[in-house]
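Enquirer: pasting the structure only:
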Ligand code: AMP
Ligand code: MG
């Protein structure tokens, strides 16, 4: 009898504990050339396995740099100029090429030959000659990517690269899977693109950190939000110092072939769609302060936080009230309104 009572007591405690703090699964792994971490509440290892496999599958299908896997559609396209593509690749290509159009080419998925030339892929960094850039610039034009019914095609020498939107797409697919599985709460970080899904188990909104460009391991502020995807593009993420002593970052202006040097340190985009957030974080970085505000004024589907080298934080009106500066940071926070 005593044994039975103590067993019952244990069972009750287990139920109570589960009620207070639902099972949480944490999974960290490398994919898409970055570190990812999924924290999902109310789920077990099998869901984490499935989510990780989904991202690995995407990586081997979409990476412009991974030569090896036979299923790598984009690598084959860039080698041969055309490739049979499945509905998923075609849909992603359509969505992101549309974003290239909407940003008037500030985002251009064909800038890859220039990114390669500067050494951002091989890590053999160097400043290309103006002649070399003039040879490569005619290969940069997203309008000349043909996205057909079942195939993708690029002109001779052109290359397509989803690097600026792939982490956002990984976030979108993950969110879709979490919804399908009836999960209510998760925070997933895809190498700087964060999906704040649902609310925290206690019912409050998530607080997503915005990296300090001078020390990206620290946060200069937080955005309080739920059901949003926050993507950040920062010059601090990948750069090199040239022989001339200047810093060259991995975000390229597709019109000049030069790394962007416009006083912007990072751009974070907050929206409900990962491809949109990821694509626009790159695009607004290229646009610069004024054009970014104009672009923001022309639409209603995102908000942004732009940090500049002179310690200003331009925060758009939709997230202004949910942005908090972290202690010890002296950024001048400026509210950006739609004009
Ligand atoms: P993100 O970190 O999302 O801003 O993506 C930046 C990556 O996309 C770079 O490392 C390049 O490989 C590539 N990239 C750089 N500039 C551009 C651009 N203007 N449009 C599209 N992709 C770019
Ligand atoms: Mg991006």
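Expert: Looks like it came in fine. None of the values given here were measured: they were computed from a predicted structure. Ligands and ions are numbered 1, 2, ... in the order given.
Enquirer: alpha carbons only for contacts and neighbour counts from here, please
Expert: OK.
Enquirer: On the three-state scheme, residue 159 is what?
Expert: Assigned with DSSP: H, G, I helix; E, B strand; the rest coil, residue 159 falls in the coil class.
Enquirer: And the closest residue in space to residue 187 that isn't next to it in sequence, how far from ligand 2?
Expert: Here the nearest residue to residue 187 in space, its sequence neighbours aside, is residue 196; by Cα to Cα, 6 or more residues apart in numbering that works out to 4.9 Å. Noted for residue 196: a distance of 17 Å to ligand 2, by Cα to the ion, to the nearest Å.
Enquirer: now the helix or strand residue 196 falls within: how far from the chain's centre is it?
Expert: Counting by DSSP states H and E, the element that carries residue 196 is strand 193-198. Chain-centre distance of strand 193-198: 11 Å, with Cα atoms, centre = their mean, to the nearest Å.
Enquirer: got it, and stretch 159-170?
Expert: Distance, stretch centre to chain centre, for stretch 159-170: 8 Å (Cα atoms, centre = their mean).
Enquirer: any idea whether the one residue in the stretch 201-339 of the chain that gets nearest to ligand 2 is helix, strand or coil?
Expert: Closest residue of the stretch 201-339 of the chain to ligand 2, Cα to the ion: residue 278 (3.6 Å). Using three-state DSSP, the structure places residue 278 in helix.
Enquirer: give me the number of residues near it?
Expert: Residue 278 has 31 neighbours, counted by other Cα atoms under 10 Å.
Enquirer: Residue 233 too?
Expert: Applying other Cα under 10 Å, we find 26 residues neighbouring residue 233.
Enquirer: ok, it - contacts?
Expert: Counting by Cα atoms under 8 Å, 6 or more residues apart in numbering, residue 233 makes contact with 266-268, 278, 281-282, 285.
Enquirer: likewise residue 138?
Expert: By Cα under 8 Å, 6+ apart, residue 138 has no neighbours at all.
Enquirer: Surely it is within a helix?
Expert: Yes - according to three-state DSSP, residue 138 belongs to a helix.
Enquirer: Any stretches of the protein with poor pLDDT?
Expert: Counting by pLDDT under 70, the chain shows low-confidence ranges at 1-22, 67-69.
Enquirer: Would you state the helices of it in chain order?
Expert: With DSSP state H as the criterion, the chain has helices at 2-20, 45-62, 73-80, 87-102, 112-117, 130-136, 166-180, 274-287, 289-297, 317-320.
Enquirer: And those: which comes nearest ligand 1?
Expert: For the helices of the chain, proximity to ligand 1 was assessed by Cα to the nearest ligand atom; helix 274-287 is nearest, at 4.0 Å.
Enquirer: hmm, the closest one in reach of ligand 1?
Expert: Yes - counting by Cα under 6 Å from any ligand atom, ligand 1 is contacted by helix 274-287 at 278, 281-282.
Enquirer: what angle sits between that helix and helix 166-180?
Expert: Per axes from the mean of the first three to the mean of the last three Cα atoms, to 10 degrees, the angle that helix 274-287 makes with helix 166-180 is 150 degrees.
Enquirer: Please list the outside residues in contact with helix 274-287.
Expert: So helix 274-287 is contacted by 96, 99, 103, 106-107, 164-172, 193, 195, 229-233, 251-253, 260, 264, 266-271, 291-292, 302 (Cα under 8 Å, 6+ apart).
Enquirer: Can you point out the buried residues in stretch 291-309?
Expert: Neighbour-count burial for stretch 291-309 flags 292-293, 295-296, 302-308 (criterion: 16 or more other Cα atoms under 10 Å).
Enquirer: Excluding residues flanking it in the chain, which one is nearest residue 268?
Expert: residue 232 (4.1 Å).
Enquirer: wait, that neighbour sits on residue 266?
Expert: Yes - with contact defined as Cα atoms under 8 Å, residue 232 reaches residue 266; the gap is 6.7 Å.
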